[in-house]
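[1] 3D model of this:
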Amino acid sequence: MTSTLENTDCGYKMIIPVATEEKSSINVRTIFSGPFVLPDGYTIVSAIYDISLPEQLSKPVTVKLEHCVDLNDEITARKMCFATAAINLEKKVFVFDCVGGGSFPKGETYASLDINDSCLLCILYRGSTRDTSMKYAGQCSYVRDYKNSWTMSILFTKHLSAHYKYTQSETVGTIESHPFLFTTRKGDGELLMELNKFKSQMDLEGWKVAPLTPIPDFILKSQIDCVELQQEFGKLQCRIIPSIEFSVYVYDEDAATDKIDKYLDIGGTTSDIFIKRQRE
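    Below is the predicted model of the structure:
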């Protein structure tokens with residue numbers, strides 16, 4: 001007999017070979033970031049899960065985790081692995097290492113592994129800073145400041161349900177998630193998104209879009225990739241996520257159109273983010 005423990009908002013499913021009433025003895029905690037160390041050349045492509053199992057299970061538990069790899073062929077699948085972590089007491093970090101096994105079906109966003117013991121678990125991907133196989137998302141939200149004036153925030157994360165849920169918990173407004181891939185490299189180097197077009201104020205038919213904080217020329221893929229690897233728990237988590245922020249408002253009541261629908265052409269990506277507001 002089996003039972004299922006599932007939380008798609010956090011990106012995991014578990015098939016448990018025990019009676020349903022025993023399912024309550026299994027606990028799963030989703031972790032966004034922490035003092036984690038990875039094997040050289042690997043990136044975390046799932047959320048991190050602290051899984052607590054009963055000590056005596058007759059059969060393994062099948063764990064399915066969501067990942068953000070565009071998994072279209074066997075070559076890409078061979079670059080992926082599940083990983084568990086052991087604590088290094090001297091350095092006060094959790095060190096992840098790949099474990100054998102696991103299934104990474106082509107075209108799917110979940111991978112599976114059978115486990116017998118409690119563990120800290122995630123999925124890793126072995127790819128270079130030039131690799132375009134990982135999926136990301138611009139998590140967009142608006143907060144109304146006053147009539148016809150809003151603050152728009154875009155947080156750049158990996159394209160994972162758990163990351164969407166986390167950014168929603170750190171944001172006042174409702175988030176719209178816009179998936180994208182990186183496409184452009186910095187010279188012969190790593191992938192990046194180009195933001196220099198948004199460093200200055202934009203005037204749009206009676207509307208203005210103005211940066212609220214300095215906009216960088218670019219954000220590197222690696223800056224998003226390493227967000228989970230935080231050694232200082234004292235940092236505010238929302239500040240470690242690469243982001244940009246704008247003030248969107250009507251400045252000319254007579255000339256302003258009824259709505260703004262401005263495409264943000266974020267270079268180096270397949271992003272399709274629009275600034276969309278309806279005049280009040």
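[2] drop to CA atoms for contacts and neighbour counts, all remaining ones
    Noted.
[3] Find the residue closest to residue 217 in space, skipping its chain neighbours.
    Of all residues not flanking residue 217 in the chain, residue 196 sits nearest, at 4.5 Å (CA to CA, 6 or more residues apart in numbering).
[4] Is the nearest residue to residue 250 once chain neighbours are set aside bridged to anything, and to what?
    Spatially, and ignoring its direct neighbours in sequence, residue 250 is nearest to residue 207 (4.4 Å; CA to CA, 6+ apart). Judged by DSSP bridges, the bridge partners of residue 207 are residue 204, residue 250.
[5] Do I have it right that residue 207 meets residue 249?
    Yes - Residue 207 is within contact range of residue 249, at 5.7 Å (criterion: CA atoms under 8 Å).
[6] middle-most residue in the protein, spatially?
    When CA atoms, centre = their mean is applied to the chain, the residue found nearest the centroid is residue 158 (2.7 Å).
[7] pretty sure that one contacts residue 165?
    No - counting by CA under 8 Å, residue 158 stays clear of residue 165, with 11.8 Å between them.
[8] Would you mind confirming that residue 219 is in contact with residue 194?
    Yes - using CA under 8 Å, residue 219 is in contact with residue 194, at 6.9 Å.
[9] Just checking, which helix or strand succeeds the helix of greatest length in the chain along the chain?
    As assigned by DSSP state H, the longest helix anywhere in the chain is helix 161-169. Going down the chain from helix 161-169, the next helix or strand is strand 176-180, by DSSP states H and E.
[10] packing partners for that next one?
    If contacts are counted by 3 or more CA pairs under 8 Å, 6 or more residues apart in numbering; DSSP states H and E, strand 176-180 sits against strand 136-146.
[11] Enumerate the positions of the strand it packs on that are buried.
    136, 137, 138, 139, 140, 141, 142 (16 or more other CA atoms under 10 Å).
[12] ok, the first one to residue 229 distance?
    Meaning residue 136. 17 Å (CA to CA, to the nearest Å).
[13] before we move on, what about the last one?
    Residue 142 is 28 Å from residue 229, where distance means CA to CA.
[14] returning to that earlier point: can you check what pLDDT the model gives the residue nearest to the centre of the chain?
    Note for residue 158: predicted pLDDT of 97.
[15] hey, what's it bridged with?
    Counting by DSSP bridges, the residues bridging with residue 158 are residue 136.
[16] quick one, what contacts it?
    By CA atoms under 8 Å, 6 or more residues apart in numbering, the residues touching residue 158 are 45, 68, 134, 135, 136, 137, 224, 225.
[17] Enumerate every residue touching the last one.
    Right, residue 225. With CA under 8 Å, 6+ apart, residue 225 has these contacts: 43, 44, 158.
[18] got JSON lines for those, with distance to residue 92 too?
    Below are the contacts of residue 225 laid out as JSON lines (distance: CA to CA, whole Å):
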{"residue": "43", "distance to residue 92": "20"}
{"residue": "44", "distance to residue 92": "19"}
{"residue": "158", "distance to residue 92": "26"}
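[19] remind me which residues of this protein are low pLDDT?
    Segments of the chain classed as low confidence (criterion: pLDDT under 70) are 1, 18-24, 186-188, 231-239.
[20] could you redo the last one with a cut-off of 90?
    For the chain, applying pLDDT under 90 flags the ranges 1-5, 16-26, 33-34, 53-60, 86-93, 127-131, 168-174, 184-190, 229-240.
[21] And the helices in it?
    So, for the chain - with DSSP H - the helices run 74-77, 161-169, 221-225.
[22] Mind putting these into a markdown table with distance to residue 98?
    Converted to a markdown table, these look like this (distance: least, CA to CA, whole Å):
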| stretch | distance to residue 98 |
| --- | --- |
| helix 74-77 | 14 |
| helix 161-169 | 21 |
| helix 221-225 | 18 |
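[23] so which of those gets nearest residue 56?
    With CA to CA as the measure, helix 161-169 is the member of the helices of the chain nearest residue 56 (29.4 Å).
[24] Look up which residues are beta-bridged to residue 82.
    So, taking DSSP bridges as the rule, residue 82 has residue 99, residue 123 as bridge partners.
[25] whoops, residue 16 was the one
    Bridge pairing for residue 16 - DSSP bridges - gives residue 3.
[26] Residue 261 now?
    On the basis of DSSP bridges, residue 261 is bridged to residue 276.
[27] List the residues that contact it.
    By CA under 8 Å, 6+ apart, the contact set of residue 261 is 274, 275, 276, 277.
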